[in-house]
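Visitor: got a predicted structure plus its sequence, pasted below:
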Amino acid sequence: MSAITLKNVEKWYGPVQVIKGIDLEVAPGEFVVFVGPSGCGKSTLLRMIGGLEEISRGELLIDGRNATSEAPSQRGLSMVFQSYALYPHMSVAENMGFSLKTAGAPKSEIDAKVGAAAEVLKLDPLLERRPKDLSGGQRQRVAIGRSIVRDPTAFLFDEPLSNLDAALRVEMRYEIAKLHQRLQKAMIYVTHDQIEAMTLADRIVVLDAGRIAQVGTPRELYERPANLFVAQFIGSPKMNVMECSVAGGSWQVEGGRGAPGAPAGAVHLGIRPEHISILPAGQGACDGVVDVTEYLGADTFLVVDCGPLGRLTVRVIGDTDINPGDTCGLGFDTEWLSFFDSDGQALR
């Protein structure tokens, strides 16, 4: 049985449809991440699952029961928002146990659940503090702890780390991953940060204009995108995509050189920056002039102007002695080529 199932779910605001027939199953204990550009519907879809937005059409099942028309409090879900939304006049312990208190739980049960959640989140020394005395990361842990004490069927996270600085984001990402391992509860997480998506998810759901563009593991989406949208959305830097022609099973890029192994109907060729090698001019698939070098320590990214093909990004491990203005050839690793048809759908 799935923890959460969406069956042809739609959302309409008057004549405008923003969620366009979503079918998805989230297994018990699975970590699913929604990603996509701004306005694609990822937060709206999460709020529909949580009951904060009405489902216009379709069905929502939670643990096998139809929860489409249930109030948020009846769904057995817990939501963590971008805003911490802590009560400033309450202590950490009081904030974490407030939902249990309003539900009429006995003090002994509240204390036990708050204590257990505080131990998981390393909040034991902070239970008597007020929110104003906490760092941003500590406040977010309190907000997560407030969800844990309810023992929900699943956790819903709506960009919970976007208010934190870079160092705290890394720390909290680790803590959320460890929390998932420990609780073994289904989690649905919305983010625009690809690093969060790739490192946290068991499966990623890529949304495009209210539809699912692809669902798969981070490796599947990165290595074998189902379409051009996913190919150029997943990955930083994004996949290099260029037009190609196919004849007799061989591909060729404009103004360059080709190789055998192209499927019929291919009009676009894609390749990740790490699968391009720097060669002497006249060798490889095409030639170009290095436009910009970006040294990042462990890697260097070269932006190479290849004329009619446009600018291609090449990843070099470590440093390189190649400088802007140098001419070079680019070799494509044929094992990692992606081909797309005229509709942008992957051919292999």
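Guide: Arrived safely, thanks for sending. Numbers count the residues shown, from 1 in each chain.
Visitor: which pLDDT value does the model give the residue most central in space within the chain?
Guide: By CA atoms, centre = their mean, the chain has its centre lying nearest to residue 197, at 3.0 Å. As predicted, residue 197 sits at a pLDDT of 94.
Visitor: what's the helix or strand that contains it packed up against?
Guide: Assigned by DSSP states H and E, residue 197 falls within helix 194-200. Here helix 194-200 touches strand 31-35, helix 166-183, strand 186-190, helix 218-223, going by 3 or more CB pairs under 8 Å, 6 or more residues apart in numbering; DSSP states H and E. No exception for glycine: its C-beta is placed from N, CA and C like everyone else's.
Visitor: which residues sit against that helix?
Guide: With contact meaning CB atoms under 8 Å, 6 or more residues apart in numbering, helix 194-200 is reached by 31, 33, 35, 161, 169, 173, 176-177, 180, 189, 191, 204, 218, 222, 234-236.
Visitor: which of those residues are buried?
Guide: 31, 33, 35, 161, 169, 173, 176, 180, 189, 191, 204, 218, 222, 234-235 (16 or more other CB atoms under 10 Å).
Visitor: what two of those residues have the greatest distance between them?
Guide: 180 and 235 (23.6 Å; CB to CB).
Visitor: got a list of what the spatially closest residue to residue 332 that is not a sequence neighbour touches?
Guide: Closest residue in space to residue 332, ignoring its immediate chain neighbours: residue 285 at 4.6 Å, by CB to CB, 6 or more residues apart in numbering. By CB under 8 Å, 6+ apart, the residues touching residue 285 are 253, 256-259, 329-332.
Visitor: make TSV out of those residues and add neighbour count, distance to residue 338 and secondary structure.
Guide: Output for the contacts of residue 285, formatted as TSV (neighbours: other CB atoms under 10 Å; distance: CB to CB, whole Å; DSSP: H, G, I helix; E, B strand; the rest coil):
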residue	neighbour count	distance to residue 338	secondary structure
253	20	13	strand
256	20	17	coil
257	14	19	coil
258	18	15	coil
259	14	14	strand
329	19	21	strand
330	25	16	strand
331	17	16	strand
332	23	11	strand
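Visitor: nearest to residue 268 among the residues you listed?
Guide: residue 253 (10.2 Å).
Visitor: in the sheet, who's paired with that closest one?
Guide: On the basis of DSSP bridges, residue 253 is bridged to residue 244.
Visitor: that one and residue 51: what is the separation?
Guide: 50 Å (CB to CB, to the nearest Å).
Visitor: before we move on, what about residue 118?
Guide: When residue 118 is compared with residue 51 (using CB to CB), they lie 27 Å apart.
Visitor: kindly report the same for residue 319.
Guide: Taking CB to CB, one finds residue 319 at 53 Å from residue 51.
Visitor: more neighbours: which of the two?
Guide: The neighbour count for residue 319 versus residue 51, taken as other CB atoms under 10 Å, is higher for residue 51 (21 against 12).
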